[in-house]
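> prediction below, plus the sequence it came from.
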Amino acid sequence: MRMILMLLLVVFFMSTSLSHAQEEGSLSATLTPTPQKTVDYTLPYPGLLPDNPLYFVKMIRDRVVLMLISDTVKRSKFNLLQADKRLQAGLYLYKEDEQKIETVITTISKGQNYFFDALAEATRAKKEGYDTDILFVDLTKSSLKHEELLIQFESSVSKDQKSSVKALLVRLRDLQKKIEQAQ
């Protein structure tokens, strides 16, 4: 058990520096047919994509890390990071192989679960008396970037998949309302 935990920690620390790397050419530029004003928020590089056989190790690592974070603000930031990574991973996977659309939709949906958790932790932190102004700014910017990319994504999917993407947009807009109420 100790050996497995040590191995997971080594993998985590080795990959943490990679997970914070930013990619200059955002996927949004490749999905946008016409230039538009974009939200000034950069999504992190997602690392392994959901179709990778080792993806489950990454998910286990992220769950262990989340369990080890006790600070409410840090948990919110970590959940927001995971939400951003899931959206980016889904978009990268779609760009790589459009036939994996179901995995893409599932990945983005799970990212929205992390976003919901990030908002819940931020709200809790605010009630506990933490300064959460910057955190709510990040949540707002991230949600606007998610919306921008999902709108672009919706225009690139087949007619059969548009309803799934619209459902993701509806859920995201509900989260945006909750962010406004929580501030």
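Done, it's in.

> list the helices and strands the helix ranked longest in the chain packs on?
As assigned by DSSP state H, the longest helix anywhere in the chain is helix 101-127. Helix 101-127 makes packing contacts with helix 72-96, helix 133-156, helix 159-182 when contacts are defined by 3 or more CB pairs under 8 Å, 6 or more residues apart in numbering; DSSP states H and E. Bear in mind the C-beta positions are built from the backbone N, C-alpha and C, glycine included.

> residues of that helix that come out buried?
For helix 101-127, burial by neighbour count (16 or more other CB atoms under 10 Å) applies to 101, 103-105, 107-108, 110-112, 114-126.

> state the mean pLDDT of that helix.
Averaged across helix 101-127, the pLDDT comes to 96.

> likewise for stretch 145-152?
Stretch 145-152 shows a mean pLDDT of 95 in the predicted model.

> what's the answer for stretch 57-74, then?
Taken as a whole, stretch 57-74 carries a mean pLDDT of 96.

> what's the spacing between it and its chain's center?
The chain centre lies 14 Å from the centre of stretch 57-74; the measure is CA atoms, centre = their mean, to the nearest Å.

> please renumber so the chain begins at 40
Done: numbering now begins at 40, and the last item shifts to stretch 96-113.

> CA atoms only for it, dumped as PDB, please.
Below are the C-alpha coordinates for stretch 96-113, written out as PDB (Å, rounded to 0.1, in the frame of the first residue of the first chain):
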ATOM      1  CA  VAL A  96      -4.100   6.600 -13.100                       C
ATOM      2  CA  LYS A  97      -4.400  10.400 -13.600                       C
ATOM      3  CA  MET A  98      -8.000  10.300 -12.300                       C
ATOM      4  CA  ILE A  99      -6.900   8.300  -9.200                       C
ATOM      5  CA  ARG A 100      -4.100  10.800  -8.600                       C
ATOM      6  CA  ASP A 101      -6.500  13.700  -8.800                       C
ATOM      7  CA  ARG A 102      -9.000  12.100  -6.400                       C
ATOM      8  CA  VAL A 103      -6.200  11.400  -3.900                       C
ATOM      9  CA  VAL A 104      -4.900  15.000  -4.200                       C
ATOM     10  CA  LEU A 105      -8.400  16.300  -3.700                       C
ATOM     11  CA  MET A 106      -8.900  14.200  -0.500                       C
ATOM     12  CA  LEU A 107      -5.600  15.600   0.900                       C
ATOM     13  CA  ILE A 108      -6.600  19.200   0.400                       C
ATOM     14  CA  SER A 109      -8.300  20.500   3.600                       C
ATOM     15  CA  ASP A 110      -8.400  24.200   2.900                       C
ATOM     16  CA  THR A 111     -11.700  25.300   1.400                       C
ATOM     17  CA  VAL A 112     -10.300  27.900  -0.900                       C
ATOM     18  CA  LYS A 113      -7.600  25.500  -2.200                       C
END
